[in-house]
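A.B. asks: heads up, no residue letters with this:
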């Protein structure tokens, strides 16, 4: 089984590496590919792209300055998913990029399983996104116990981990 991971920040790299290690203990023949940070790359191997130094930006102005970079990386991510044909994609936090990616993947690859790990804090700032997320995602893995019920109410299969 092959999983494609996307994390864009140091915290996502830390959580992603822990998830990869736990999954590998359960199923040693799992293959990982994708993009994240050095911890995830250390587990996944040479096919994994360490982009976290460039991807982790804060604030609207920084995002706007890097807009061309993010457009290229978005297209490259979709192209890589198309060529590597993973069994599932695991999106870790990083909602500005990953929620858009989930929507694009659902449109282009309707049968692809899309898993989101570490929910965006929509309960704090934008609950209207929850029904949209339910359309694009197959599974939400949340880290706060109250999130499980919130997302499950929308029809999105959710597990507190």
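C.D. replies: In hand now; what should we look at? Fair warning: this is a prediction, and the values are worked out from it, not measured in the lab.

A.B. asks: Quick check: phi and psi at the residue nearest the centre of the chain.
C.D. replies: Nearest residue to the geometric centre of the chain (C-alpha atoms, centre = their mean): residue 91, 1.0 Å. Phi and psi for residue 91, reported as degrees, to the nearest 10, are phi -100, psi 130.

A.B. asks: which residues sit in contact with it?
C.D. replies: 6, 98, 101-102, 114-117 (C-beta atoms under 8 Å, 6 or more residues apart in numbering). For every residue, glycine as well, the C-beta is placed using N, CA and C.

A.B. asks: Tell me which two of the residues you listed sit farthest apart.
C.D. replies: Within the contacts of residue 91, two members stand farthest from each other by C-beta to C-beta: 101 and 117, at 13.5 Å.

A.B. asks: In helices, which of the contacts of residue 91 appear?
C.D. replies: 98, 101-102 (DSSP state H).

A.B. asks: tell me the least confident of those?
C.D. replies: Lowest in pLDDT among the ones in helices among the contacts of residue 91 is residue 98, which has 95.

A.B. asks: And that one, how close does it get to residue 51?
C.D. replies: According to C-beta to C-beta, to the nearest Å, residue 98 stands 13 Å off from residue 51.
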